[in-house]
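>>> structure of the sequence below:
(chains A and B)
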Amino acid sequence: MDCAVKIDNLSKLYGKKEALSNIDLKVEKGEMFGIIGPDGAGKSTLYKIMATLLLPDSGKASIFGLDTVRDYRKLREKIGYMPERFSLYQDLTVAENLNFFASLFGVKIKDSYDLIAPVFSQLEKFPNRKAGALSGGMKQKLALSCALIHRPAILLLDEPTTGVDAISRNEFWEMLSKLRERDITILVSTSYMDEANRCERIAMINKGRILEVGTPQNLVSRIGENLFNAVGENMFRLLSELRVMPEIEDCYTFGSTLHIVAKKGFNPARAKLELEEKGLKGISIYPAKGDIEDLFIKLTRNEEM
Amino acid sequence: MKKCDKVISVKDLTKKFGNFTAVDHITFDVQKGEIFGFLGANGAGKTTAMKMLCGLSRPSSGSATVANYDISTQGEEVKRHIGYMSQKFSLYEGLRVDENIKLFSTIYGMTDDMIKSASDRLYKSLNMEGMKKTLVKDLPVGWKQKLAFAVSTIHNPEVVFLDEPTGGVDPVTRRKFWELIYKASEEGMTVFVTTHYLDEAEYCNRVSIMVDGKISALDSPKALKEKFNVATMDEVFRIVAKDAIRED
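Numbers count the residues shown, from 1 in each chain, chains lettered A, B, ... in the order given. From the prediction side, this is the model:
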């Protein structure tokens, strides 16, 4: 398959701080690819380099065969970049912003209208509203419309769903799936681990390094840990007691249950008895299915965050 | 001052901006030592409600007391008896650890003796004695979070307001932070917290969900899940908030 993005041994330093360290990454044409990692992992630095806005210290990145340093002019026509921070003109109206970006790229809105319609339609009700006065969800839709106006072949979306509630996040991912059907390659970053499942493949990134790359299903199946759920009446006490058991490698909260990473020889029934002897009530321990967050915890367990 | 088990008591609290009702007659109580999750879609009115409870904005009608002080008439007293922390702003990055502690405790009106004993206690309990002279921006994110929480509660407030304290934070640090919250609550501190991570809603004693300025659901996570017959708070949230009309 053709490569949309190819990154070789890319590094970037800010002073002495290593923002990106020997990154290798390939994204295929038409893929919905997720970059998953917490704040400070290096996601935005990677995006700025891909968007031709920042020079790497070593290594190289190319998009559709165009080098982000040498071919930056040609490349800018092909990418639609939505930075983490809202970067439209707050004192221009909805229509003015869209017109402005269209004229920057020398295109007409009507020629791209079919592409932006699913995103832009909800904004058409108020063309004269200033961008700064839009709600968070609406700002995001306008920014995406402006990033799409020149019909880019690839969208670079840097944390589009940060600070957005669960319902609007869901809506945004549905818009992305529609764009995906138009053969646009989409690279989207997020710090919400549960959004990994929306992507065809993901790269998990932390402290400037890529931890793993693969389909979410494949990565989860590779966790290779013996996971159990535990519940009880006093979850905090249960957590403290489980942590000191010798047959338990790690124990952490996981929504309504605790996840136990068990060592060999862990016996749920025996553990339950032991806990009940200590006066804990309502204990239940049963096998758990891991997800991306379990994998992330496993991969970063021995690091100082 | 009479100690009362209700640390926050809210009755018909309402805030209007022109003819827009941001917060629409909300009523609830928060008990001492409770971890109270304050959820809602973007624009549901959470921030406006929280500002009123912190004494930063006056209600249009209705009333509330926080730590037994009236938010309409005793805003300054309210501010003195609460702690506040958010992910967006909590510490001065360009100041050292000890300077941040000094700054915040002085703002809270603590005397030099109080500051000394509070900060000694803080260094010991956080195991940060070796980091007093470190610039906050050089601390790992997990330490920053611990310090931010400790600083926001250094004056031993009756209640601490946490406004999306874990946004963008990695899964391990996020969990460690919640263990701090659990510990504080076991020691009797009341915690009022907002979050977009619905797995964190499961850790609260009770959760309220705001929709279009009103409280649409309020109960323990267990009771809410039973009521809507679903397995997770994520599903509860989607069901309750899906009919929201307004956005921000």
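>>> what does chain A put close to chain B?
Within chain A, the residues that sit near chain B (C-beta under 8 Å from any C-beta of the partner chain) are A:37-41, A:134-138, A:159, A:162-168, A:170, A:191-193, A:206, A:235-236, A:239, A:252-256, A:293, A:296-297, A:300-301, A:304-305. In short, each C-beta sits where N, CA and C put it, glycine included.
>>> just the closest residue of chain A to chain B, please.
Nearest residue of chain A to chain B (C-beta to the nearest C-beta) works out as residue A:135 at 3.0 Å.
>>> pLDDT at that residue, what is it?
pLDDT, residue A:135: 79.
>>> count of neighbours near it?
14 (other C-beta atoms under 10 Å in any protein chain shown).
>>> and the residues of chain A next to chain B, which are buried?
By neighbour count, with 16 or more other C-beta atoms under 10 Å in any protein chain shown, the residues of chain A next to chain B hold A:37-41, A:134, A:137-138, A:159, A:162-168, A:191-193, A:206, A:235-236, A:239, A:252-256, A:293, A:296-297, A:300, A:305 as buried.
>>> surely the residue of chain A closest to chain B meets residue A:168?
No. Residue A:135 is beyond contact range of residue A:168, at 9.2 Å (criterion: C-beta atoms under 8 Å).
>>> could you pull up the residues touching residue B:27?
If you count contacts by C-beta atoms under 8 Å, 6 or more residues apart in numbering or on different chains, residue B:27 has them with B:10, B:11, B:12, B:13, B:215.
>>> ok, which stretches of the chain are strands?
Answering for chain A, as no chain was given. Ranges of strands in chain A, per DSSP state E, are A:3-14, A:17-28, A:32-36, A:58-63, A:66-67, A:79-82, A:154-157, A:185-190, A:201-206, A:209-214, A:226-231, A:248-254, A:257-262, A:284-287.
>>> the intended chain is chain B.
B:6-17, B:20-31, B:35-40, B:61-66, B:69-70, B:82-86, B:159-163, B:190-194, B:206-211, B:214-219.
>>> can you redo these as a markdown table with mean pLDDT?
Formatted as a markdown table, the strands of chain B follow (pLDDT from 0 to 100):
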| stretch | mean pLDDT |
| --- | --- |
| strand B:6-17 | 96 |
| strand B:20-31 | 96 |
| strand B:35-40 | 96 |
| strand B:61-66 | 97 |
| strand B:69-70 | 97 |
| strand B:82-86 | 93 |
| strand B:159-163 | 95 |
| strand B:190-194 | 96 |
| strand B:206-211 | 96 |
| strand B:214-219 | 96 |
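>>> out of the ones you listed, nearest to residue B:141?
Among these, the nearest to residue B:141 by C-beta to C-beta is strand B:82-86 (14.2 Å).
>>> give the pairing partners of that closest one; include direction for each.
On the basis of DSSP bridges, the sheet neighbours of strand B:82-86 come out as strand B:159-163 (parallel).
>>> what's the burial count for residue A:117?
12.
>>> cool, the one 10 residues further on as well?
Using other C-beta under 10 Å, residue A:127 has 11 other residues around it.
>>> verify the contact between residue B:94 and residue B:103 for me.
No. In this structure, residue B:94 is not within contact of residue B:103 by C-beta under 8 Å, at 11.5 Å.
>>> more neighbours: those two, which one.
residue B:103 (14 against 10).
>>> what residues are up against that one?
B:92, B:95.
>>> against residue B:85, how distant is it?
15 Å (C-beta to C-beta, to the nearest Å).
>>> quickly note the distance from residue A:178 to residue A:102.
On the measure of C-beta to C-beta, residue A:178 and residue A:102 end up 21 Å apart.
>>> ok, now residue B:243?
For residue B:243 relative to residue A:102 (C-beta to C-beta), the value is 36 Å.
>>> give the residue from those two that has the larger number of neighbours.
Between residue B:243 and residue A:102, counting by other C-beta under 10 Å, residue A:102 is the more crowded of the two (18 against 9).
>>> for the more buried one, give me its contacts.
A:108, A:109, A:112, A:149, A:150.
>>> now do the contacts for the first one.
In this case it means residue A:108. So residue A:108 contacts residue A:102 (C-beta under 8 Å, 6+ apart).
>>> go again with 10 Å.
Residues in contact with residue A:108 (C-beta atoms under 10 Å, 6 or more residues apart in numbering or on different chains) are A:99, A:102, A:149.
>>> right, so of the strands of chain A, which gets closest to residue B:61?
Closest among the strands of chain A, using C-beta to C-beta: strand A:248-254, at 39.6 Å.
>>> tell me how far that closest one lies from the chain's centre.
24 Å (C-alpha atoms, centre = their mean, to the nearest Å).
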